[in-house]
Every structure is written in structure tokens, then in C-alpha cells.
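Q: Coordinates for the following, if possible.
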Amino acid sequence: EPYHNALLKNEYNALQLLYDRGITKEAIERFRLGVSTVANGKPCQPSYVIPTYNEQGHIALVKYRTVDPEKKKVMLREANMESVLFNAARLDRTNKRIVVCEGEFDAISLWQVGHTNVVSVPAGAKSLRPEWVDIISEFDEIVLAYDNDKSGIEGQNELRKRLGEAKTYIAELPNGNDCNDVLLKYGDTQLKEVIDNAVLPPIEGLNTIAEELLELQRELALGEDNEKKLSWMFPKLQEVIGGIPEGSLTVVTGRAGTGKTTLLKQQFLEWAKQGEPVFMWCGEMTSRQLTKQLIQCLCVIEEHEITMEHVQDVYDQVKDMPFFFGQMGLETSIDSVLTMATQVYQRHGCKIVMIDNLVTLARGRDQLEKQSEVVIECKKWAQHYNGHVFLVAHPRKEGSDTVESRESIAGSQDVVNLADLVFTVFRKDLSPRTANDIETLDGTQNTLSRKTTVLCLKNRYNPGNGYCWLYNEGEYSRFRECTIEDFNRED
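A: Numbering: from 1, shown residues only. This is a model prediction of the structure:
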């Protein structure tokens, strides 16, 4: 309250500058705006105090924005407070429409012109927490009034997919302005009409070559590279395969026990550590089995060595990590798996998906047709959500020392044809071949070589097929890169 009173007294000329921005005294009173030279207990430049209230009427979040328009804008927030949608506590749930914008002053501007069912996200264009999705998705019509800059456009496109494209409208703000700019430059009526006239965007995926060329020309002129690629945790694997672009389908093959799932699981864990949400669906193992393997990998222990202390240690490491599991159900199909993936995407922004494996989703009659359906749907999902789908596919049964090729992958030709990247995880078979071989066993030998070849069979993005060596530490459910000592060591 002292901050609010200080603003009403026009300390630091803050009140007049708000009036200059088109913000009314009624709005200032409504949203209890203030001014202060202290943020988080430390001195700061004169800054607007912008509180956000929860449904109980208590302050849930306080943000600060520098007052002086001639200086660089600095945004701060009070530490250890919730991340909540601005004005969400005052939404009218009986209204079928909600407006979503980027900044508090934009939301206040929209409130002033009559669009009172408005919220703003507290962390920029691309942020959208699961609990915010739940609130916004309650409404039949969602209008996005985002800034018309690169970040705003990308955030808008992402939100449309997460909130539902059929009910998400775009407010076309003129000449690169934000909502407060439109209010100030064009007036109340123009800003109100921009929201009233929000439209459903054109059909996604329907572009002309001219539009694509203009967009490419713009990106090149700005020196931008909008294509985000996933990188591998093992440098040698990164050299062989390269970064994986968005919208890709990767097929991973190899005989049983070579470590296909282990390698992907370890890589997914690494991406999750980097803050990338990941979703693993497994048709052969339960979430509990996968969890134990993650404990082994992180603690470098064998399964029988797992203790309560290890579990607690791993929990502390991963409790905030965006790593999600799915598993086989009684009525599992590719539709149900991808529906789950879509829900994880919409709530958590997860675009990295592993499906293990093709066989479990294509059983019964007409296996080839079902395999084609699985691969087609995986490819469509990856392209639609600009995601990454990793599909595990078994090879045909061949000689135990035969290295897989493209033709080795069992089933429909669509598996390889539609994939953007295909690689095999190969380990030499050391199983005994004769009775004499069995008699020489002492119980310590591995049936598969630990030295593992990852061989690229197809790569739509990088020409040529390369390979690299990894070393399987199966007892710890993980891989590492091979060393010279590994090559000199007997398996």
C-alpha cells in the first residue's frame, strides 16, 4: 500500500509517465500499481510495482519495471514468489473468450478498453506452465495478442498448438506495436477492434514457395538460424550423426540386448538435465524397471546395490527434471500413445518422444499395414509439433555376426523410407557355438561384446554413413565412449 500511495503522489514522476502511456487512474487503482526504489530488499532505479493477486485476494507475485522510458527497460520480480498469470484471479469463467498477452501493461490497456477477461504471462512470449494451460484452456475462444516481433510470433505459434489450434485466434497488432502502443497511438476504439477482429490463422502447412523464399530471405538478412537441433551427449556420436532438426523421425535398430533402449534412455536423461522435456513410452518395461535403470546409470551401481540412500540421491537430482514415462496398457495403440505424447506436449511443452518399440504397436494380423500406420503417424506427429520422435525397430533374424543394413529392419518398407535418420546399435555375438565352447566357460564371460558400434544407415541431413564406437557398461545400464584401453581389452 505505501508503494501505491507513493505512485498516486507522483513520486519520481511515475504517475505522469503512466498517464503518458494512456493508463488511467481507474486502472491504476484497480490493479493497485505502485512505485518503489527497492526491489528484493536492495536499492534499484525507480520502478513500477506490479502486484498479481491469487483467488484469495493475497499478493502471489510482485514484479518491478523501471519507470524512466529513456533508460533501458529492466524487469525484476520478488524472489520466492509464485509464477501466476496476471489478472487470472478476476477472470469471468462464464465468458467464453479470454485474451492472452505478454505484459502487464498490455493486459491493463486491454482491460481499459473493455476486454476485461485478459491475462498476461509473467515470463515472456514462450513461457506457458501446465497450470496456466489448465486455466486458459477452460475457455471456448482464446485470443493471443502477442508482440509482432520474432519472439512473439514464435511464442504465438507454440501456444496455438498447446492450447488447441481450432479455438485459438490471433489479434493482428498493426505495425509491430504491442497492445499499449496501439492504445497510445491509435486510441481505445482501435485497440478494442483489434481484439474483436481476431482471426483464426491460415491453414497450417499451406504455404506458397514465394512465402517460403521471402521468409528465408528475411532470416538470412538478419543472420538468423531458427532451426533448433538436438545434440548428442557423446562427441563421437555427434560427429557421425550430427544435430537432429525439429520435425524428425529417427529409427533405432539392433538385435535384442545390444542396448538400443539403454542408449536412448541415457541420452533422454541428458536432454532432461539440460531442461528439455522428454517423454519415453516403453512397451517392454514398466516405469519401475526404467526408474531402477536410471538409478544405476546416475549412481554407477548394479541393480542389487540400490539402497534407500541411492533412491533419495537420485530423487534430489531429478525431482524438477522434465522426464516423463509412459507404459503399455491393455488397449495400447499408436493413437493412444501419441495422444499421451500430445497431452505431455500441451501441458509441459515436451517435443522429444521415444516409442519403444514398433513390434508392440503392430501386433496381430496385417502387421505390415499396422507398421506403416505407426511410422506414418509418428512422422506426422513430429512434423506437426516440430518435435523429435525416436522409434525403436527390431531387425530381421540374420546371422549373429551380420551387421544390420537398411534392408535388415523387419516389416514395412515405410519404416526406413519415412525415417529421416536410421542407425543401428551393434555388438559382436560372443555366445558359444559348440559344445567345446561351452566347456571352456567359467561364468564370467559376456555373451555380447562390450565394444559397441553405432552405425548410421540413413541420414537425410548429413550425407554419407559413418560409425563410432561406444563401450557398454550393462551392469550400470549405460554407455561411455570407447578408449584405447577398451580396444586392447578382451571382452
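Q: how about the lengthiest helix in the chain: buried residues?
A: The residue-count maximum for a helix in the chain (DSSP state H) belongs to helix 367-384. Within helix 367-384, the residues that qualify as buried are 370, 371, 372, 373, 374, 375, 377, 378, 379, 381, 382, 383, counting by 16 or more other C-beta atoms under 10 Å. C-beta coordinates here come from the backbone N, C-alpha and C atoms, glycine included.
Q: Run through who's touching that helix.
A: 161, 204, 247-249, 334-335, 338, 341-342, 353, 355, 358, 361-364, 387-389, 391, 411-412, 414-415, 418-419 (C-beta atoms under 8 Å, 6 or more residues apart in numbering).
Q: Please check these and keep the buried ones.
A: Those of these that meet the buried threshold are 161, 247-249, 334, 338, 341-342, 353, 355, 358, 361-362, 387-389, 391, 411-412, 414-415, 418-419, by 16+ other C-beta under 10 Å.
Q: Now, those that are in strands?
A: Mapping the buried ones among the contacts of helix 367-384 onto strands (DSSP state E) picks out 248, 249, 353, 355, 388, 389, 391.
Q: Tell me the one of those nearest residue 97?
A: residue 353 (32.4 Å; C-beta to C-beta).
Q: Quick check: beta-bridge partners of that closest one?
A: Counting by DSSP bridges, residue 353 forms beta bridges with residue 279, residue 389.
Q: check contacts around it.
A: Contacts of residue 353 by C-beta under 8 Å, 6+ apart are 278, 279, 280, 281, 341, 381, 382, 387, 388, 389, 390.
Q: Adding pLDDT and distance to residue 229, write these out as JSON lines.
A: Shown next, in JSON lines, are the contacts of residue 353 (pLDDT from 0 to 100; distance: C-beta to C-beta, whole Å):
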{"residue": "278", "pLDDT": "96", "distance to residue 229": "16"}
{"residue": "279", "pLDDT": "96", "distance to residue 229": "19"}
{"residue": "280", "pLDDT": "94", "distance to residue 229": "20"}
{"residue": "281", "pLDDT": "93", "distance to residue 229": "23"}
{"residue": "341", "pLDDT": "94", "distance to residue 229": "20"}
{"residue": "381", "pLDDT": "96", "distance to residue 229": "18"}
{"residue": "382", "pLDDT": "95", "distance to residue 229": "14"}
{"residue": "387", "pLDDT": "95", "distance to residue 229": "13"}
{"residue": "388", "pLDDT": "96", "distance to residue 229": "9"}
{"residue": "389", "pLDDT": "97", "distance to residue 229": "15"}
{"residue": "390", "pLDDT": "97", "distance to residue 229": "14"}
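Q: JSON lines for those, including distance to residue 195?
A: Shown next, in JSON lines, are the contacts of residue 353 (distance: C-beta to C-beta, whole Å):
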{"residue": "278", "distance to residue 195": "37"}
{"residue": "279", "distance to residue 195": "35"}
{"residue": "280", "distance to residue 195": "41"}
{"residue": "281", "distance to residue 195": "40"}
{"residue": "341", "distance to residue 195": "33"}
{"residue": "381", "distance to residue 195": "32"}
{"residue": "382", "distance to residue 195": "34"}
{"residue": "387", "distance to residue 195": "31"}
{"residue": "388", "distance to residue 195": "35"}
{"residue": "389", "distance to residue 195": "37"}
{"residue": "390", "distance to residue 195": "41"}
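Q: Let me know the closest of those to residue 147.
A: residue 387 (25.2 Å).
Q: need the contact list for the residue nearest to that closest one when sequence neighbours are not counted.
A: Nearest residue to residue 387 in three dimensions, chain neighbours excluded: residue 351, at 3.7 Å (C-beta to C-beta, 6 or more residues apart in numbering). Applying C-beta under 8 Å, 6+ apart, we find residue 351 in contact with 246, 277, 345, 385, 386, 387, 388.
Q: same thing but at 7 Å, please
A: Residues counted as contacts of residue 351 (C-beta atoms under 7 Å, 6 or more residues apart in numbering) are 345, 385, 386, 387, 388.
Q: count of residues packed around the closest residue to the third one other than its chain neighbours?
A: Yep, that's residue 386 we're talking about. Excluding the flanking residues, the one nearest residue 386 by C-beta to C-beta, 6+ apart is residue 246, at 4.2 Å. For residue 246, the count of nearby residues is 17 (other C-beta atoms under 10 Å).
Q: does the nearest residue to residue 86 once chain neighbours are set aside have beta-bridge partners, and which?
A: Spatial nearest neighbour of residue 86, chain neighbours left out: residue 120 (4.4 Å); criterion: C-beta to C-beta, 6+ apart. Beta bridges link residue 120 to residue 86, residue 101, judged by DSSP bridges.
Q: What confidence value was assigned to residue 290?
A: Predicted confidence (pLDDT) at residue 290: the value is 89.
Q: Okay, and the beta partners of residue 429?
A: In beta-bridge terms (that is, DSSP bridges), residue 429 pairs with residue 448.
Q: Distance check, it against residue 397.
A: Using C-beta to C-beta, to the nearest Å, residue 429 is found at 12 Å from residue 397.
Q: likewise residue 422?
A: Note on residue 422: its distance to residue 397, by C-beta to C-beta, is 19 Å.
Q: When those two are compared, which one has more neighbours?
A: Remark: of residue 422 and residue 397, residue 422 carries more neighbours, 25 against 10, as counted by other C-beta under 10 Å.
Q: where does the stretch 101-250 of the chain have low pLDDT?
A: Applying pLDDT under 70 to the stretch 101-250 of the chain flags the ranges 124-127, 203-206, 222-227.
Q: Could I get the full set of helices for it?
A: Taking DSSP state H, counting those that start in this stretch as the criterion, the stretch 101-250 of the chain carries its helices at 104-112, 130-137, 150-163, 179-186, 188-196, 209-222, 235-241.
Q: could those helices be laid out in a markdown table, adding distance to residue 319?
A: What follows is those, written out as a markdown table (distance: least, C-beta to C-beta, whole Å):
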| stretch | distance to residue 319 |
| --- | --- |
| helix 104-112 | 31 |
| helix 130-137 | 16 |
| helix 150-163 | 24 |
| helix 179-186 | 38 |
| helix 188-196 | 40 |
| helix 209-222 | 39 |
| helix 235-241 | 28 |
